[in-house]
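**Q** curious how this folds, go ahead:
(2 chains)
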There are 2 protein chains.
Amino acid sequence: MANILRKEAFIMPEGMVYLDGNSLGPMPKGVPDRVATMLRDEWSQMLIKGWNKAGWMALPEQVGNMVGNLIGAPTGSVVMGDTLSIKVFQALASAVKMVPDRRVILSDTGNFPSDLYIAEGLVGLLGQGYELRTVAPEEVISAISDDVAVVMLTEVDYRSGRMHDMKAVTKCCHDNGSVMIWDLAHSAGAIPVDLHGSNCEFAVGCTYKYFNGGPGAPAFIYVRPDLADTVEPALSGWLGHRQPFDFDLNYTPAKGIERMRVGTPPIIQMAALEVAMKVWDGIDIQDVRAASVALQEQFIAEVEANVPQLTLASPRNSAVRGSQVSFQFEHGYAAMQALIDRDVIGDFRAPDIMRFGFTPLYLDAADVSRAVAVIKDVMDNDLWDNETYKIRARVT
Amino acid sequence: MANILRKEAFIMPEGMVYLDGNSLGPMPKGVPDRVATMLRDEWSQMLIKGWNKAGWMALPEQVGNMVGNLIGAPTGSVVMGDTLSIKVFQALASAVKMVPDRRVILSDTGNFPSDLYIAEGLVGLLGQGYELRTVAPEEVISAISDDVAVVMLTEVDYRSGRMHDMKAVTKCCHDNGSVMIWDLAHSAGAIPVDLHGSNCEFAVGCTYKYFNGGPGAPAFIYVRPDLADTVEPALSGWLGHRQPFDFDLNYTPAKGIERMRVGTPPIIQMAALEVAMKVWDGIDIQDVRAASVALQEQFIAEVEANVPQLTLASPRNSAVRGSQVSFQFEHGYAAMQALIDRDVIGDFRAPDIMRFGFTPLYLDAADVSRAVAVIKDVMDNDLWDNETYKIRARVT
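**A** As a prediction, this is how the structure comes out:
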């Protein structure tokens, strides 16, 4: 297995074991210089000319290809922009128009809630009997009935890490004449994704988790290449127009994936993300997966051997688990606060999930053992039993 | 009149006369340091804790209040996020739901085309007889008929600078039972806007023009305070939820303007924008307007006295002209390229508009005279008559 550890590529606090890269990745070392250059040499000196001269206008597709390379998407099928919620809306709105005689959007209760909120909002806008139907994750396949227009799922459950079988679900969806949308929020940069092989029509995801693009980094959207010239973008923005600078009064979508662009891209964030994506040069995502599984197996074994207070909430079978491990503990919120104060950073998801992400670009076996030692100390000595921890407002 | 010239607050190329701040403002001097600090001390050291500890989560409202102060919006009625196109979509989608028995969105041909594209996309999504109706700017008031659900206009025409009468149009819109949306793209930071006084329901705008927030800086949306607790956000995202961290499966909108937030805000861009907004501390927008009008009047007088080849395309009456002056010239594209090569930066808008923006925070009378001298030289000596200028791909 190739060595993919790149600790030197990130700037992180000394002594911290960061098990929350599945929420916000750490800062790649190259970011401050690239951003400073972008500000000093591009924005301040080129001003409006930067759109051409510094290549800003091309960044959404250029960075989209870097992301595409790591999720099995062909060149030219991924474009960056907006936030994940917006891209979910755009994929959904485009997808329902492809199956005009059906009215159901099917999702599951393991989806990230905001994907469901966005669907709820779209259903409210569309009226006309449109419906969001939500079933338990294990019931998705049997729920793909002939009134389902679109199946929208997140591949990796944000709480437990449980994975859907992308190919099997997509096939079942297609056999039923439905359109498939995958949310790769917890997949991209964490596990091998074969978008092209899955044959799904749409995929979306974010880049501030495993791709380390920074807080609020741009999202991405994938459209299957055979559909890219015909799909209706729904959010029909200026930069998705075929000739934005003709200032036509009518919208004509651009060819290909460019039509999924909407407004002016956030260039400072794009510059940071582009540098972050370069950390992945020469890295095979299969090696990342193997290293992640090894770290997770070590973590589960050490926690179970040393911290009987915690109960595994993730699938035990690593083949159906993403790149995170969750444990249940009644006072999980307080316990996570105690860990964070001791520089072991994971996060809490209501009602009782302590979540730990594994990111082998900057985590190794020694980090895992250190984290488990701190967890053991917190649990054995009830260090979480502290009023401050119990009442502290939750934000992440 | 108070002196509002703040040249020292911006970093710009030596010798350039920048008349394109209505497209992309220059970089405020404080931006690189603030962004570097945000990267080094916040993202890299706080990681996920930055959302709370560095106050990232509150930035969209905090910066929204800074913007609100300059457009006559009460505290708590403006929030930042996404792009202007997305905010146009959100305002429109929310607005049509407020008038369920009508089907027409009324706009004008002087609107920025992408506002019309977004409306076209929404109409396509809604079906059910929804229609985008577009009339000439001078016909808007007479076109507000009883089938009009929403009137959506840009206050200042992006080509000519012609202004709508915000109060008169809004009153007529309301007398007709329609909902009013103003796009302030070319107003915010350029002219005094009395949003609260106008009584409009929604307003949207961008911050990379007169507010100098940088390429792709976040957009803003205003909702009239009496509606903020009842309006349907349409793009119902995670951070517009009342309790995002409860991870409910159902969407419950937050109270007030927060419900118009959608996904994770772009924190690097927000940090840059926050610094850019601080340049406005102590500045009265009425003084900015007076200085802008003086520069524009000087520019028109000097051009008309010295450059007969150009024909004024903006209203001659400064009371109905925003903060830009446009001239028509058959070879306007080539001529603008020739000016840009000589460090007088304006921009071109098809088919024949040479556009010059006036931004008295970093422009003075001497700059205007220098620009006119270069324009005269380019025109008198046919310096635009150059194949390179004629064929160069247009981007801005």
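**Q** for the biggest helix by length in chain A, packing partners?
**A** Secondary structure of chain A per DSSP state H: the longest helix is helix A:285-306. Other helices and strands packing on helix A:285-306, by 3 or more Cβ pairs under 8 Å, 6 or more residues apart in numbering or on different chains; DSSP states H and E, are strand A:311-312, strand A:324-328, helix A:365-380. Where C-beta positions appear, they are placed from N, C-alpha and C, glycine not excepted.
**Q** now the last one, how far from the centre of its chain.
**A** The gap between the average C-alpha position of helix A:365-380 and the chain average comes to 27 Å, counting by Cα atoms, centre = their mean, to the nearest Å.
**Q** same question, stretch A:101-111
**A** Relative to its chain's centre, stretch A:101-111 lies at 20 Å (Cα atoms, centre = their mean).
**Q** send the alpha carbons of it over as PDB?
**A** This file holds the C-alpha atoms of stretch A:101-111, laid out as PDB (Å, rounded to 0.1, in the frame of the first residue of the first chain):
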ATOM      1  CA  ASP A 101     -45.800  12.100 -15.100                       C
ATOM      2  CA  ARG A 102     -44.700  11.200 -11.600                       C
ATOM      3  CA  ARG A 103     -44.900  13.200  -8.400                       C
ATOM      4  CA  VAL A 104     -42.900  11.500  -5.700                       C
ATOM      5  CA  ILE A 105     -39.400  12.300  -4.500                       C
ATOM      6  CA  LEU A 106     -38.200   9.400  -2.400                       C
ATOM      7  CA  SER A 107     -35.500   9.700   0.200                       C
ATOM      8  CA  ASP A 108     -34.600   8.200   3.600                       C
ATOM      9  CA  THR A 109     -34.500   9.100   7.200                       C
ATOM     10  CA  GLY A 110     -30.700   8.600   7.100                       C
ATOM     11  CA  ASN A 111     -30.300  11.500   4.700                       C
END
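**Q** does that stretch come close to chain B?
**A** Yes. Using Cβ under 8 Å from any Cβ of the partner chain, stretch A:101-111 reaches chain B at A:Thr109.
**Q** if you count neighbours, what's buried in that stretch?
**A** For stretch A:101-111, the neighbour count (16 or more other Cβ atoms under 10 Å in any protein chain shown) marks A:102-108, A:110-111 as buried.
**Q** repeat for stretch A:120-128
**A** Those would be A:120-126, for stretch A:120-128 by 16+ other Cβ under 10 Å.
**Q** now stretch A:291-311
**A** Residues of stretch A:291-311 classed as buried: A:291-297, A:299-300, A:302-303, A:307, A:309-310 (neighbour count, 16+ other Cβ under 10 Å).
**Q** using CSV, write down the CA coordinates of it.
**A** Provided in CSV are the C-alpha atoms of stretch A:291-311 (Å, rounded to 0.1, in the frame of the first residue of the first chain):
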residue,chain,number,x,y,z
ALA,A,291,-5.7,3.4,5.3
SER,A,292,-9.0,4.7,6.6
VAL,A,293,-10.4,1.2,7.2
ALA,A,294,-7.3,0.2,9.0
LEU,A,295,-7.5,3.3,11.3
GLN,A,296,-11.2,2.7,12.0
GLU,A,297,-10.7,-1.0,12.8
GLN,A,298,-7.9,0.0,15.2
PHE,A,299,-10.1,2.6,16.8
ILE,A,300,-13.1,0.3,17.2
ALA,A,301,-10.9,-2.5,18.7
GLU,A,302,-9.2,-0.2,21.1
VAL,A,303,-12.4,1.6,22.2
GLU,A,304,-14.2,-1.7,22.7
ALA,A,305,-11.3,-3.2,24.7
ASN,A,306,-10.8,-0.1,26.9
VAL,A,307,-14.0,1.9,27.1
PRO,A,308,-17.0,-0.4,27.8
GLN,A,309,-19.2,2.7,28.5
LEU,A,310,-19.5,3.3,24.7
THR,A,311,-21.6,1.3,22.3
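**Q** what does that stretch contact?
**A** Contacts with stretch A:291-311, where a contact means Cβ atoms under 8 Å, 6 or more residues apart in numbering or on different chains, come from A:1, A:4-5, A:190-191, A:312, A:314, A:316, A:318, A:321, A:323-325, A:327-329, A:354, A:356, A:358-360, A:363-365, A:368-369, A:371-372, A:375-376, A:379-380.
**Q** now with 7 Å, please.
**A** Applying Cβ atoms under 7 Å, 6 or more residues apart in numbering or on different chains, the contact partners of stretch A:291-311 are A:4, A:190, A:312, A:318, A:321, A:323, A:325, A:327-329, A:356, A:358, A:360, A:363, A:365, A:368-369, A:372, A:375-376, A:379.
**Q** from the chain's centre, how far out does stretch A:317-325 sit?
**A** Taking the mean of its C-alpha atoms, stretch A:317-325 sits 16 Å from the chain's own mean (Cα atoms, centre = their mean).
**Q** again with stretch A:13-20
**A** From the chain centre to the centre of stretch A:13-20 is a distance of 21 Å (Cα atoms, centre = their mean).
**Q** ok, now stretch A:6-14?
**A** The answer for stretch A:6-14 is 22 Å, by Cα atoms, centre = their mean.
**Q** up against chain B, what does the stretch 151-300 of chain A have?
**A** Along the stretch 151-300 of chain A, the residues adjacent to chain B under the rule Cβ under 7 Å from any Cβ of the partner chain are A:208, A:214-216, A:232-238, A:241, A:245-249, A:251, A:262-269, A:272.
**Q** quick one, the longest helix of chain A and strand A:324-328 angle?
**A** Inter-element angle recorded for helix A:285-306 and strand A:324-328: 20 degrees (by axes from the mean of the first three to the mean of the last three Cα atoms, to 10 degrees).
**Q** of the buried residues of stretch A:120-128, list those near chain B.
**A** Checking those against chain B by Cβ under 7 Å from any Cβ, the ones in range are A:120-121, A:124-126.
**Q** got those as a markdown table, with secondary structure and pLDDT columns?
**A** Listed next are these as a markdown table, based on DSSP: H, G, I helix; E, B strand; the rest coil; pLDDT from 0 to 100:
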| residue | secondary structure | pLDDT |
| --- | --- | --- |
| A:Glu120 | helix | 97 |
| A:Gly121 | helix | 97 |
| A:Gly124 | helix | 95 |
| A:Leu125 | helix | 95 |
| A:Leu126 | helix | 95 |
